[in-house]
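Student: Need a 3D model of the following:
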Amino acid sequence: ELLEWLDVRGAIVTIDAMGCQKTIAEKIIDKGGDYLLALKGNQSSLHDDVRLHFEQPALTTLARMAHAETVDKGHGRTEVRQCRLSTDINWLRERHPEWKNLNSIIAIDSECHDGDKVTQETRYFIGSSLTSATQMLAAVRLHWGIENQLHWVLDMSFGEDQSRIRKDNAPTNVAIIRHAALNMIRQTKMKRMSIKRMRKAAGWDDSVLTEILAQVF
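Tutor: Model (predicted):
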């Protein structure tokens, strides 16, 4: 339903595994965009095929596979990310013809060095775009960057991590309220003021609160 409202022409739409659905992929293509969808157990057959393709590649496939790498250092940690991109997937399209414009599969290998501790993870994606491995790696990084930045704002300005709300649907309901409040505050055209300070001002001054609420009423 959200895609009906968005203009995604020329964009690469990245979605977590919960959005890895045939109807969503088809809608993105029909709207003129490209998809980059994370693969997990909810698409078990497709996930297993992609995983085996990267774990046990044929020599001809390995020779045509594109690669990209980034290295990030900060806060005492070093993280190496490698992208393996394969477009030699006619066999996959034959096995899964229901995925519209399936043109590439991607493996992102992450290795994080934090002192003596080393953690490794491989994530798999399907894509409709024929862009380079470097651009695919950047798209995946940007996706997680947006999510991490949003969490940081909600934690710093709304104390999300300190919330003790745990029971039933309450955590989901309160999260929706926080997101709605954050979006209204961001759209308010007022003098420069932090999100946390604007929340406090809305509690002290009804005119500020009215101006924030006017974004939706």
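Student: Only C-alpha atoms from now on, for both contacts and neighbour counts.
Tutor: Will do.
Student: show me what contacts the residue most central in space within the chain?
Tutor: Nearest to the geometric centre of the chain sits residue 143, at 3.6 Å (C-alpha atoms, centre = their mean). Neighbouring residues of residue 143 by C-alpha atoms under 8 Å, 6 or more residues apart in numbering: residue 14.
Student: pLDDT at it, what is it?
Tutor: Residue-level confidence at residue 143 comes out at 76, pLDDT.
Student: next one: residue 151
Tutor: 67.
Student: Over to the one 10 residues further on?
Tutor: Predicted confidence (pLDDT) for residue 161: 75.
Student: right, and it touches residue 175 too?
Tutor: No - shown here, residue 161 and residue 175 do not form a contact pair, counting by C-alpha atoms under 8 Å, at 11.3 Å.
Student: I'd like the next helix or strand past the helix or strand containing the residue nearest to the centre of the chain.
Tutor: Taking DSSP states H and E as the definition, residue 143 sits inside helix 133-158. Following helix 133-158 in sequence order, the next helix or strand is helix 170-187 (DSSP H and E).
Student: Now the next helix-or-strand element following that following helix - C-alpha only, PDB.
Tutor: Next along the chain after helix 170-187, taking DSSP H and E as the criterion, comes helix 195-204. Output in PDB follows, covering the C-alpha atoms of helix 195-204 (Å, rounded to 0.1, in the frame of the first residue of the first chain):
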ATOM      1  CA  ILE A 195      14.100  17.200  18.600                       C
ATOM      2  CA  LYS A 196      14.500  16.600  22.400                       C
ATOM      3  CA  ARG A 197      14.200  20.400  23.100                       C
ATOM      4  CA  MET A 198      11.100  20.700  20.800                       C
ATOM      5  CA  ARG A 199       9.400  17.900  22.700                       C
ATOM      6  CA  LYS A 200      10.100  19.800  26.000                       C
ATOM      7  CA  ALA A 201       8.900  23.000  24.500                       C
ATOM      8  CA  ALA A 202       5.600  21.300  23.300                       C
ATOM      9  CA  GLY A 203       5.100  20.200  26.900                       C
ATOM     10  CA  TRP A 204       5.500  23.800  28.200                       C
END
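Student: hmm, who's touching helix 195-204?
Tutor: The contact list for helix 195-204 (C-alpha under 8 Å, 6+ apart) reads 156, 157, 158, 182, 185, 186, 208, 209, 212.
Student: can I get those in TSV with pLDDT?
Tutor: Below are the contacts of helix 195-204 laid out as TSV (pLDDT from 0 to 100):
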residue	pLDDT
156	74
157	77
158	80
182	83
185	83
186	81
208	86
209	88
212	83
